[in-house]
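# Below is the sequence, then the predicted model.
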Amino acid sequence: MTDKPVLFADGVLEASVNYGVTRITLAQTGSDGKPVPCGQLMIPVVQLPAFANSVVALLKQIDAKVKQAQQQAAPAEPAAPEPQAVPGSFRFSG
């Protein structure tokens, strides 16, 4: 990415719709464990369904990759369940 802002968020603090624009305040977990605002995502409300569908499609692709990785790494004998591993790199094509 060239000259595009990068924002890390691990949650949503609040969301509202005003004058046809969805405003989603993104949050990061602060050093005290509480969410603190880190930015705002603004999406025209008419585009929100397409945006949400893209996020759902991304989650389905990630889930499929995780399941595929688990099947490939599955031992011959069942063992204690391990935490789910998320692929280290993945590109969404939506």
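Received it, and whenever you're ready, just let me know what you need. Residues are numbered from 1 along each chain as shown.
# Can you tell me how far Gln28 is from Gly11?
In this structure, Gln28 and Gly11 are 8 Å apart, going by Cβ to Cβ, to the nearest Å. Any C-beta I mention is one placed from the backbone N, CA and C, and that applies to glycine too.
# Poorly predicted segments of the chain, please.
Segments of the chain classed as low confidence (criterion: pLDDT under 70) are 1, 74-94.
# show me where it has helices.
For the chain, the helices identified by DSSP state H occupy 48-72, in order along the chain.
# if I read this right, Asp10 contacts Thr29, doesn't it?
Yes: contact criterion Cβ atoms under 8 Å: Asp10 and Thr29 qualify, at 5.7 Å.
# Compare the two (neighbour count), which wins?
Thr29 (13 against 10; other Cβ atoms under 10 Å).
# rewinding a little: which one's more surrounded, Gln28 and Gly11?
For Gln28 versus Gly11, the count of surrounding residues by other Cβ under 10 Å is larger for Gln28: 15 against 12.
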